[in-house]
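> give me a 3D structure for the following:
(one chain, ligands or ions: 1)
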Amino acid sequence: MSKQLPRRMLIGSGGLAIGILMARRHIKPAVAEEETREADKIKQSDAHYQRFPKGPQRCQICLQFVPPDKCKIVQDPIVPQGWCQFFAARENAR
Ligand code: SF4
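Okay, here's the model as predicted:
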């Protein structure tokens, strides 16, 4: 009986480790994928991004804007009142 207890504990902790590894496998690729996507975006300086509008043009009404502070093609964070050279107005933008 006393020899079985450590074995059971080992099996139990091994199961826990496997569970943790499996959980990490599910989390890590998603995190890496997210980081890669962000790294693949255009740098703000390359996009001539500015934190203020250019006339009526601003991120808030751009096709690439993802509320509250993201852009699909330029590295985050951006502000709704910002602007860059890739601005493209959404339909019915005001
Ligand atoms: S203006 Fe530029 S930074 Fe702003 S949402 Fe559009 S593409 Fe992104």
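> going by C-alpha atoms from here, please, whenever you check contacts or count neighbours.
OK.
> so which bits of the chain are right by the ligand?
Applying CA under 6 Å from any ligand atom, we find that the chain lies next to the ligand at 58-59, 62, 64-65, 71, 73-74, 82-84, 86-87.
> what about the strands in this structure?
According to DSSP state E, the chain carries its strands in the segments 65-66, 70-71.
> tell me which of these is the most buried.
Comparing the strands of the chain by mean neighbour count (mean count of other CA atoms under 10 Å), strand 70-71 ranks first with a mean of 20.
> so what strands line up beside it?
Take DSSP bridges as the rule and strand 70-71 pairs in its sheet with strand 65-66 (antiparallel).
> any idea of the mean pLDDT for the partner strand?
When pLDDT is averaged over strand 65-66, the result is 96.
> returning to that earlier point: who wins on neighbours among the residues of the chain next to the ligand?
Counting neighbours by other CA atoms under 10 Å, residue 59 leads the residues of the chain next to the ligand with 30 neighbours.
> what stretches of this structure score poorly on pLDDT?
1-36 (pLDDT under 70).
> show me how it divides into domains.
By the record's domain assignment, the chain is partitioned as 1-40, 42-94 (automatic domain parsing).
> can you redo the strands of the chain as CSV with distance to residue 78?
Output for the strands of the chain, formatted as CSV (distance: least, CA to CA, whole Å):
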stretch, distance to residue 78
strand 65-66, 9
strand 70-71, 6
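> tell me the spacing between residue 91 and residue 61.
Residue 91 sits 9 Å away from residue 61, going by CA to CA, to the nearest Å.
> which neighbours do these two share?
Overlap of the contact sets of residue 91 and residue 61 (by CA atoms under 8 Å, 6 or more residues apart in numbering) is empty.
> which one's more surrounded, the two?
Using other CA under 10 Å, the more surrounded residue of residue 91 and residue 61 is residue 61, with 20 against 9.
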